[in-house]
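Chemist: Predicted coordinates and the sequence they were generated for:
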Amino acid sequence: MIILQVTPPGSNVSLVLYFGTIGMLALTIGLIVFIIFHQRKVIRYQLRLQRLEHDQQKLLLNASIRLQEEERQRIAADLHDDAGPLLATARLYLNENLVNLDKTTQLQSIYNAKSIIDDTIQLIRNISHSLMPPTLKNFGLESAVNDLFQKISGSGSMNASSRFHDYRERLQSENELIIFRVIQELVNNILKHSNASFIHLTQNTSGDKFFIRLHHDGRGITQNDFIKLNKSNVGLGLKNIQSRLKVLHGKIFFEKDMSQTYYKVTIELMKEDDDKLIEQE
Amino acid sequence: MLPLVAYLSELLSIVFFLCFLKRNKGEGLWIIFLYCVCSVLAEIIGIYLFDPKNKFYFWAFYSITEYSIFAYFFYNTFKGQKIRFIPLIGTFLFFVVVGITFYNRNTKAFDSLSASMEALLMIIYSIVFLYDQISNPAIMFVYNTKKFWIVIAFFLYFSSTLFLFLFASSFTKEEHSSYWIINNFFEILKNAILSVSFAMKKSDSTRNPIKTFDPDYS
C-alpha cells in the first residue's frame, strides 16, 4: 500500500488504477456469483438428503407394518389351525348325547376333552410367551437372553453362550423388550442364513454407553451390506431392527472381527436415554 | 453530471429507507441509515472546505466515522463468536494506521492511507460475512435477506474504489477529476443496491427447513 502510494504520478498509475479496479471488480462479482451458486447447490444437496431420509423412514414404516401384519397372521394361524380344531374336538366329546352314554364312555369322553383342553391351554400359553416371554418380564433381559441361548444350545445344532458383564440395574421393561426383540431377530438371522457353529453374546458398558456384541463364525454381513439392504425392498428383519433401535436412539454396526474370522454385530445404546424416558414418565 | 447524480443517489437511499420504514424495522438497519445521513452531510460540508489541512482532517474524521459505523454493523451481523473478533482486531489495526497518518500528515488534502485501509478492511469483512452466511445457513436463500444486499453494495463499492483511494493522494487536480468518475459511478451503484435492499420485503418464508436435518443411517 505504502509502495504504491509513493509511486510518482505518471502514466503507469492510470494503468495500475484501471487494471486494479477492473480486477477487483471481477473478483468481487466472481465471488458473489460463486457464493450464490454454491448455496443453491448445497441446498439442493440437502433437499436430496432429506428426500432420501424420508424414503428411508417410509421403508422402515412399511417394514414395521408388514412385520406386525405377519405377526398377526401367525397368531391367527396358530389360533385357527391349532386351537380351533382342538376346541372343536373337545366340543365333540362333550356333546349333548354324552348324557345318554354309559358311565365308562362318559368318563372316557370327559378325560379326552380335559386332555384336549390342557393341550389348548398349553398352546395358548406358548402363543402368549412368544408375544411376551415371561422370563423377560419377570427376571429381565439377562435371564431372557440366557434362556434363549440355552434353548439354542440345547437343540444341539449350535453352541450358544451369553455373558452380561455389567447389568446390575435393569433397563425399563419396554426397552428390555425392544433389545430382546433385536437380539432375537439377529439370532434368528444367524440361525437361518449364517451356517455358524457358535454364537457368543457379551454385554458391557463404557461411560454413558451400553453395548451388546454378538460374535459368530458363519456367513455374515458388513455395515455396507446392512445399509444397502436397508435401502432396498428386501431385508424386512433388518429394517425392523433399525426401526426398533431408532426408538431407543441406538445404533447398530455390522463388521468382521479384527482377525477376519468372525462376524461381529455391535448394538450401541445411550444409558442416559433411559433416564430421560424415566423422567418423561 | 455524474457527481451530481452521485450526490442525489445518496438522498435516494435515505428516501427509500424512510418510505419503507415498516419493512426495515427490527432488521438492525438504523446504523446503515445513519451512515447514509452522515454521507450526505459529509458531501455537503466537503463542498465548503477549501483549506487542504481542514479538508484532510475532515475526510480523515469522516473515514473514522464511516469505518466505525461499518465495523459496528458487521460486528452485530456476524453470527459466530470467533468471527466476531475479526472486526475488533480490524478496528485496532485501523486506528493504529489512522494514528500514524495523523502523525505523518503531508500537504495532500486526501487521507489515502486510512481510506484504503478502510476499504481493505471492508472487503475482508464482506468476505467473512459471506463465508459466515454459507457456512451457517440459517436462511434458505442468502440473497433474500436485506443484509446480504447491503454487504454486497459495500463490497462492490470498496473493492472497485480500493485502487482509486490508494492513488488518490498523488493525483493532480486534473487526474482527480478524471479518475473520480470511478468513485461516482460505484457510489451510484452502491446507493441503488442499498435502496433496493431497503425496499425489499421482510421474508419469513426464507427460513431453511433443512436446519434440523440429521442424516443418520448407521
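Modeler: Thanks, I have the structure now. These figures come from a predicted structure and were not determined experimentally.
Chemist: For the rest of this, base every contact and every neighbour count on C-alpha atoms.
Modeler: Fine.
Chemist: Enumerate every residue touching the residue in chain B positioned nearest to chain A.
Modeler: Of all residues in chain B, B:Ser160 sits closest to chain A, at 4.9 Å by C-alpha to the nearest C-alpha. B:Ser160 makes contact with A:21-22, A:24-25, B:182-183, B:186 under the criterion C-alpha atoms under 8 Å, 6 or more residues apart in numbering or on different chains.
Chemist: from those, which ones fall inside helices?
Modeler: Those of the contacts of B:Ser160 mapping onto helices are A:21-22, A:24-25, B:182-183, B:186, per DSSP state H.
Chemist: any idea how far the residue nearest the centre of chain B is from B:Ala71?
Modeler: Nearest to the geometric centre of chain B sits B:Phe154, at 4.1 Å (C-alpha atoms, centre = their mean). Using C-alpha to C-alpha, to the nearest Å, B:Phe154 is found at 12 Å from B:Ala71.
Chemist: and what of B:Val142?
Modeler: For B:Val142, the distance to B:Ala71 equals 21 Å [C-alpha to C-alpha].
Chemist: The residue nearest to the centre of chain B reaches B:Asn191, doesn't it?
Modeler: No - here B:Phe154 lies out of contact with B:Asn191, judged by C-alpha atoms under 8 Å, at a distance of 9.3 Å.
Chemist: The residue of the stretch 101-250 of chain A found nearest chain B sits in which helix or strand?
Modeler: Chain B sits closest to A:Ile227 of the stretch 101-250 of chain A, with a gap of 7.2 Å, by C-alpha to the nearest C-alpha. A:Ile227 belongs to helix A:223-231 when assigned by DSSP states H and E.
Chemist: Export that helix to CSV, keeping only CA atoms.
Modeler: Only the C-alpha atoms of helix A:223-231 are listed here, as CSV (Å, rounded to 0.1, in the frame of the first residue of the first chain):
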residue,chain,number,x,y,z
GLN,A,223,-22.2,-52.3,7.5
ASN,A,224,-22.3,-51.6,3.8
ASP,A,225,-24.5,-54.6,3.2
PHE,A,226,-26.7,-53.5,6.0
ILE,A,227,-27.1,-50.0,4.6
LYS,A,228,-27.8,-51.5,1.1
LEU,A,229,-30.4,-53.9,2.4
ASN,A,230,-32.0,-51.2,4.5
LYS,A,231,-32.4,-49.1,1.3
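Chemist: How far off centre is the helix or strand of chain B with the lowest mean pLDDT?
Modeler: The helix or strand of chain B with the poorest confidence is helix B:21-24; it has a mean of 82 (mean pLDDT, DSSP states H and E). Distance of helix B:21-24 from its chain centroid, counting by C-alpha atoms, centre = their mean, to the nearest Å, is 20 Å.
Chemist: what's that helix packed up against?
Modeler: Applying 3 or more C-alpha pairs under 8 Å, 6 or more residues apart in numbering or on different chains; DSSP states H and E, one finds that helix B:21-24 makes contact with helix B:173-199.
Chemist: so how far is A:Gly20 from A:Asn138?
Modeler: 82 Å.
Chemist: Where does the prediction get shaky in chain A?
Modeler: Along chain A, segments meeting pLDDT under 70 span A:1-11, A:272-281.
Chemist: helix or strand for residue 92, which one?
Modeler: All of this refers to chain A. Per DSSP H and E, A:Leu92 falls inside helix A:84-93.
Chemist: looking at chain B here, not the other one
Modeler: Assigned by DSSP H and E, B:Phe92 belongs to helix B:85-103.
Chemist: so what's A:Lys231 closest to, chain neighbours aside?
Modeler: In space, A:Lys231 comes closest to A:Gln56 once its chain neighbours are excluded; the distance is 6.4 Å by C-alpha to C-alpha, 6 or more residues apart in numbering or on different chains.
Chemist: can you count the residues close to A:Gln73?
Modeler: A:Gln73 is flanked by 12 other residues according to other C-alpha atoms under 10 Å in any protein chain shown.
Chemist: what's the helix or strand for it?
Modeler: Assessed by DSSP H and E, A:Gln73 sits inside helix A:11-77.
Chemist: other SSEs contacting that helix?
Modeler: Secondary-structure packing of helix A:11-77 (3+ C-alpha pairs under 8 Å, 6+ apart): helix A:223-231, helix A:236-247, helix B:112-135, helix B:146-168.
Chemist: which of the ones you listed is buried the deepest?
Modeler: Burial of the helices and strands packed on helix A:11-77 is given as mean neighbour count (mean count of other C-alpha atoms under 10 Å in any protein chain shown); helix B:146-168 ranks first at a mean of 24.
Chemist: Distance from the chain centre to that one, please.
Modeler: Distance, stretch centre to chain centre, for helix B:146-168: 7 Å (C-alpha atoms, centre = their mean).
Chemist: how many degrees apart are it and helix B:173-199 in direction?
Modeler: Relative orientation of helix B:146-168 and helix B:173-199, computed by axes from the mean of the first three to the mean of the last three C-alpha atoms, to 10 degrees: 170 degrees.
Chemist: in what helix or strand does A:Phe211 lie?
Modeler: Per DSSP H and E: strand A:209-216 holds A:Phe211.
Chemist: what pairs with that strand, and is each one parallel or antiparallel?
Modeler: Sheet pairing for strand A:209-216, assigned by DSSP bridges, gives strand A:198-206 (antiparallel), strand A:263-270 (antiparallel).
Chemist: From one end of stretch A:88-105 to the other, what's the distance?
Modeler: With C-alpha to C-alpha as the measure, stretch A:88-105 spans 19 Å from end to end.
Chemist: hmm, who's touching that stretch?
Modeler: A:106, A:109-110, A:112-114, A:116-117.
Chemist: Stretch B:2-20: which residues count as buried?
Modeler: Buried residues in stretch B:2-20, counting neighbours by 16 or more other C-alpha atoms under 10 Å in any protein chain shown, are found at B:3, B:6-7, B:9-14, B:16-17.
Chemist: okay, who's weakest in those by pLDDT?
Modeler: When those are sorted by pLDDT, the bottom entry is B:Pro3 at 79.
Chemist: Excluding chain neighbours, what is closest to that one?
Modeler: Among residues not flanking B:Pro3 along the chain, B:Asn184 sits closest, at 5.8 Å (C-alpha to C-alpha, 6+ apart).
Chemist: quick one: contacts for that neighbour?
Modeler: By C-alpha under 8 Å, 6+ apart, the residues touching B:Asn184 are B:2-3, B:6.
Chemist: re the thing from before, and the pLDDT at the residue nearest to the centre of chain B?
Modeler: At B:Phe154, the model reports a pLDDT of 92.
Chemist: Check the gap between it and A:Ser130 for me.
Modeler: Note on B:Phe154: its distance to A:Ser130, by C-alpha to C-alpha, is 71 Å.
Chemist: Neighbour count for A:Asn138 and A:Gly20, which is higher?
Modeler: Between A:Asn138 and A:Gly20, counted using other C-alpha under 10 Å, the more crowded position is A:Gly20 (18 against 11).
Chemist: re earlier: which among the helices and strands packed on helix A:11-77 is found nearest to A:Leu177?
Modeler: Closest to A:Leu177 of the helices and strands packed on helix A:11-77, according to C-alpha to C-alpha: helix A:236-247, at 10.0 Å.
Chemist: Please determine whether the closest one lies in contact with chain B.
Modeler: No - figure legend: helix A:236-247 not in contact with chain B (C-alpha under 8 Å from any C-alpha of the partner chain); closest approach 8.7 Å.
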